[in-house]
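S.K.: This is a predicted model, with the sequence first.
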Amino acid sequence: MYDNIKSMKKIIFSGIQPSGNLHIGNYIGALRQWEKMQDEYDSIFCIVDLHAITIPQDPRILREKVLEVTALYLACGIDPKKSHIFIQSENPDHTYMAWILNCITPFGQLERMTQFKDKSDKQKEGTTAGLFDYPVLMAADILLYSTDEVPVGEDQKQHIELARDLAEKFNSRFGEVFKFPKPTIQKETGRVMSLQNPNNKMSKSDIDPLGTINLLDTESLIREKIKKAVTDSEPAISGKVHGEGNGAVQNLLTVYAAFSGCSYNVAVQKTQGKSYGEFKNELADIVVSVLNPIRQKYQEIISDQEYLKKVLDEGRDFAVSKSSVVISDVKRRVGLI
C-alpha cells in the first residue's frame, strides 16, 4: 500500500502542541532537528491542536497559539519550499484513522503508558478519555503518511513503539498497509530539564517561570533565567560535578553544547575550572546569539497573516492528498464502505 506514497527520500513526520510557550527544550529536541533533516527527508510537520485539547484550553488563545507555533516553525528554519506544515484538525483523516486503530488497541497497553500515568496522577478526577487515547491519535498521525522516522524527544519513544505495534497488528490482520516508523532521538540533547528543578523535564506547563527559557523571551529575561539557574554546591565547574547526582550542571552543559554546536564532552572541556558566574555569562551570550535572530524573524512572519494562511493551506492540501490514499485503503481492508 505504501508504494502510493513512495519517494526517493525517506519520510519524517512530527508535531508540537500549540499550548503554552515553545521553549529551548522544544528547539533543541525538535525544531533544530527538523531544520537539519528537511534537506534529506520528505518532511511533514504538524501543529497538533487535537492533542492540545486533551486538557482544557481557552479557545481564543488556542487559535492564536496555532499561528504562533506556525510562525516559530518558520522562524526556526522550517522552509515551506522543502517541508509541509499543516494544522492537525484541518485533516479529518487523523481522527478517522484514530478510531479504526482504537478498535485494535489493547486497553491495557494504553493503561501502561508512562505519560498517561504521570498526567492522570496530577489531574485525578479531571483525567479525560482524550488524554487516555492520546497515544492512539499520535499513532494515527504517524501511520497516515507512511512515516519512516519520527524526530522526537526521549519521552515520546514509548508512543512511537505503540505506533509500530499497531502497524504490525493491523498488517498481520488485514494485509500490509503500514510502515514501521522509528524514533530519531538526539541522545546527548534529547531531554532538557528545568533550570530550577533538574529532576523535571523543561515544560511549557512549568509553574515556575524561571525554570523555562521560552523562544520568545527577551534578552534580559534569558540572562536573568540563566543567572538564577540552580547549579551545585561546588564553587566552580570541575570533573567531579559531571558525575551522578549533579543533574543541574549537566543540564546547563547540555544546553551549552546544543547552542554552541559542540558535543557534550567538548562543552565539558571548554568550561573546566570556570566559576559558575563566568560559565553562566558565557552560556547566556551563546543562547541569546541564537534566540535573538529567531525572535526577530518571528515578529516579521507573525505580522504577515496572509503568508501564514498560504503556508498552512498548502500544507493541509498536501497532507490530505497523501492521507486520503492511505485511509481509503484502510477502510476497504476493514470492510467499511
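M.R.: Arrived safely, thanks for sending.

S.K.: name the helices or strands packed onto the helix or strand harbouring Y298?
M.R.: Under the criterion of DSSP states H and E, Y298 resides in helix 276-302. Using 3 or more CB pairs under 8 Å, 6 or more residues apart in numbering; DSSP states H and E, the elements in contact with helix 276-302 are helix 59-75, helix 219-227, helix 247-260, helix 305-334. Backbone N, C-alpha and C define where each C-beta goes, glycine included.

S.K.: What angle do helix 59-75 and the last one make with each other?
M.R.: The reference is to helix 305-334. 100 degrees (axes from the mean of the first three to the mean of the last three CA atoms, to 10 degrees).

S.K.: What residues of the lowest-mean-pLDDT helix or strand in the chain count as buried?
M.R.: Least confident helix or strand, the chain: helix 114-123 with a mean of 79, by mean pLDDT, DSSP states H and E. Judged by neighbour count (16 or more other CB atoms under 10 Å), helix 114-123 contains these buried residues: F116, K119, S120.

S.K.: Direction-wise, compare the helix holding Y298 with helix 59-75 and give the angle.
M.R.: On the basis of the same axes, to 10 degrees, helix 276-302 is oriented at 100 degrees to helix 59-75.

S.K.: how far off helix 219-227 does helix 276-302 point, in degrees?
M.R.: Using the same axes, to 10 degrees: helix 276-302 against helix 219-227 is 140 degrees.

S.K.: gap between stretch 68-81 and the chain center?
M.R.: Its chain's C-alpha centre and that of stretch 68-81 lie 14 Å apart, by CA atoms, centre = their mean, to the nearest Å.

S.K.: Could I have the CA atoms of that stretch written out in CSV?
M.R.: Once non-C-alpha atoms are left out, stretch 68-81 reads as follows in CSV (Å, rounded to 0.1, in the frame of the first residue of the first chain):
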residue,chain,number,x,y,z
GLU,A,68,2.3,31.5,16.9
VAL,A,69,3.6,27.9,16.6
THR,A,70,3.4,28.1,12.8
ALA,A,71,5.4,31.3,12.8
LEU,A,72,8.0,29.8,15.1
TYR,A,73,8.4,26.7,12.9
LEU,A,74,9.2,29.1,10.1
ALA,A,75,11.4,31.4,12.2
CYS,A,76,13.5,28.3,13.4
GLY,A,77,14.3,27.4,9.8
ILE,A,78,11.4,25.1,8.6
ASP,A,79,11.2,26.1,4.9
PRO,A,80,7.8,25.5,3.3
LYS,A,81,9.6,25.0,0.0
